[in-house]
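Undergrad: structure of the sequence below:
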Amino acid sequence: CFNVPATVARGIHLAVPGTLEVDMASDLAETMSKMLSKWTRQNINVLTPQPYTDLAAGIETLKAEERPGIAIFVFEDSDPAAYYTVANELKNWRVKRITVHQLESSHRAYVRFKNEKDRDGRPHKAVRNWRSFVEMCALDVLQRMDCVPYRPAGGMKYDAHLAIDVGHDRRFYAVSLLICRATDKQPHFLIDSVVEVKADAKKETINEVHLKNSILKLFRKAKRVRFDPLTSLFVIRDGRECGHELEGIESAKLDLVKEGFLAANVQVDLVDFHKQSLKGIRLWDCADGHVQNVMEGTYVLLGSRDAVLTNTGCLTLNQGTAGPVLLSARTDGLVLSNALGDVHTSSHLNWSSPGRAQSLPLELKRTDEQLESRTSQEIKRIR
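TA: Numbering: from 1, shown residues only. So this is what the prediction gives:
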């Protein structure tokens, strides 16, 4: 890992159904402990599995701990509400949820072929699939530990990115902050987000006063012993900036300058970010009679204020077509190439699955995840 907090959790709780095979839970704990310890260079231990009789008992067992921490919760997938119940009841915990079906399907094949090799002398495919499954789970846990697996070596064009996103049901909105700049500045790398209730669920727009307060809250969370003022800020609004949101951003900017988070001459640029379009836009590379997906990072300018960008492409996409995103400049003087370069660089911070390209920049990926998690906590069980 590029960075591991000094206060990183050394013990990860593991809650499993009492009906789960003991060896299965033990193998999961052992393999994940080795991976996390290797990545962090710390002695990270997934604790002895805690079997529970039913979902409520498993949740109460974790609640009985002295303080909330990080937990891996394995649950039966026969109850469709279980996924949301765990999220709702363990709000103060950082939980990685795994279904019994996911675990059993990978582990049983692993046990059967763990001592066999393929024709090339490599471990059997079932063994590789088991390790891949545990690795994906461990990568999620690693991010819940606030570890930074890797970052761009040279920083980005902007000192920080601020992403603003509204949930699909318009009941919540999220604000995410990504700082990535030279290592002699503090903080030189940081990712954090907040989720708030929207005042009006009937409209897409966010109340400007609430938006301002959320931005200030997020920056204050990021403050440590030292915070060198940011000289540039790139604001990404998922969808279309509307209403009086720009006034809220400008008002927050003035307060952030007063509090020392932003330099007096800070450059603030705003773009609308569109993940989808009514008409399916695609980019193709046509050469020597062959048509294929364009390379990752290819973009097409649509005038001086709009551009289509592909963060996935021919090098990492095995099937299907690369779905591009659209950026629309909302402030004058914005250099589109800088904005496009930063969005593409941020999309490489794909810590959950490093072997694949990601279409969204990290800051927007975080807002999506946070909004999905918050929505799942609010879902009511239908009997």
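
Undergrad: listing partners with orientation, what would you give for the lengthiest strand in the chain?
TA: Longest strand of the chain, by residue count under DSSP state E: strand 262-274. Strands adjacent to strand 262-274 in the sheet, as given by DSSP bridges, are strand 230-238 (parallel), strand 325-329 (antiparallel).

Undergrad: CA atoms of the shortest one as CSV?
TA: So that's strand 325-329. Provided in CSV are the C-alpha atoms of strand 325-329 (Å, rounded to 0.1, in the frame of the first residue of the first chain):
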residue,chain,number,x,y,z
VAL,A,325,-18.9,9.9,-20.5
LEU,A,326,-19.7,13.5,-21.4
LEU,A,327,-18.1,16.5,-19.7
SER,A,328,-19.7,20.0,-20.2
ALA,A,329,-17.8,23.1,-18.9
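
Undergrad: mind listing the helices for the chain?
TA: With DSSP state H, the ranges of helices along the chain come out as 22-40, 55-63, 82-89, 100-113, 125-144, 208-222, 245-258, 336-347, 362-378.

Undergrad: which one of the strands paired with strand 262-274 is the most hemmed in?
TA: When neighbours are counted by mean count of other Cβ atoms under 10 Å, the highest per-stretch mean among these falls to strand 230-238, a mean of 23. Using the backbone N, CA and C atoms, a C-beta is placed for each residue, glycine as well.

Undergrad: okay, and for this protein, where does confidence drop off?
TA: Applying pLDDT under 70 to the chain flags the ranges 80, 377-383.

Undergrad: okay, the longest strand of the chain in PDB with CA atoms only?
TA: Output of strand 262-274 as PDB, limited to C-alpha atoms (Å, rounded to 0.1, in the frame of the first residue of the first chain):
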ATOM      1  CA  LEU A 262      -8.200  27.400  -0.300                       C
ATOM      2  CA  ALA A 263      -5.600  30.000  -1.400                       C
ATOM      3  CA  ALA A 264      -6.900  33.500  -2.000                       C
ATOM      4  CA  ASN A 265      -6.200  33.200  -5.700                       C
ATOM      5  CA  VAL A 266      -7.600  29.700  -6.000                       C
ATOM      6  CA  GLN A 267      -8.800  28.500  -9.400                       C
ATOM      7  CA  VAL A 268     -12.200  26.800  -9.200                       C
ATOM      8  CA  ASP A 269     -13.600  25.100 -12.300                       C
ATOM      9  CA  LEU A 270     -17.000  23.300 -12.600                       C
ATOM     10  CA  VAL A 271     -18.200  20.700 -15.100                       C
ATOM     11  CA  ASP A 272     -21.400  18.700 -15.600                       C
ATOM     12  CA  PHE A 273     -20.600  15.000 -15.700                       C
ATOM     13  CA  HIS A 274     -23.000  12.800 -17.700                       C
END
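
Undergrad: now it, how far from the chain's geometric center?
TA: On the basis of Cα atoms, centre = their mean, to the nearest Å, strand 262-274 sits 22 Å off its chain's mean C-alpha point.

Undergrad: what's the neighbour count on the residue lying closest to Gly155 once chain neighbours are set aside?
TA: Leaving aside its sequence neighbours, Gly155 sits nearest to Arg181 (Cβ to Cβ, 6 or more residues apart in numbering; 4.8 Å). By other Cβ atoms under 10 Å, 22 other residues sit near Arg181.

Undergrad: and Arg181, what is it in contact with?
TA: If you count contacts by Cβ atoms under 8 Å, 6 or more residues apart in numbering, Arg181 has them with 155-156, 159-160, 188-189, 230.

Undergrad: of all the helices of the chain, which lies closest to Ile12?
TA: helix 125-144 (6.4 Å; Cβ to Cβ).

Undergrad: list the buried residues in the closest one.
TA: Across helix 125-144, burial judged by 16 or more other Cβ atoms under 10 Å covers 126-127, 129-131, 133-135, 137-144.

Undergrad: again with stretch 214-233
TA: By 16+ other Cβ under 10 Å, the buried positions in stretch 214-233 come out as 214-216, 218-219, 227-233.

Undergrad: got the end-to-end distance for that stretch?
TA: 16 Å (Cα to Cα, to the nearest Å).

Undergrad: centre of the chain to it, how far?
TA: Distance of stretch 214-233 from the chain centroid (Cα atoms, centre = their mean) equals 20 Å.

Undergrad: residues making contact with that stretch?
TA: Surrounding stretch 214-233, the residues in contact under the criterion Cβ under 8 Å, 6+ apart are 157-162, 173, 175-177, 179, 181, 185-187, 190, 192-194, 196, 248-249, 252-253, 255-256, 259-263, 265-269.

Undergrad: same check, this time on stretch 182-191
TA: Contacts of stretch 182-191 (Cβ under 8 Å, 6+ apart): 2-3, 148, 151, 155, 159, 176-181, 222, 224, 226-228, 362-363, 366.
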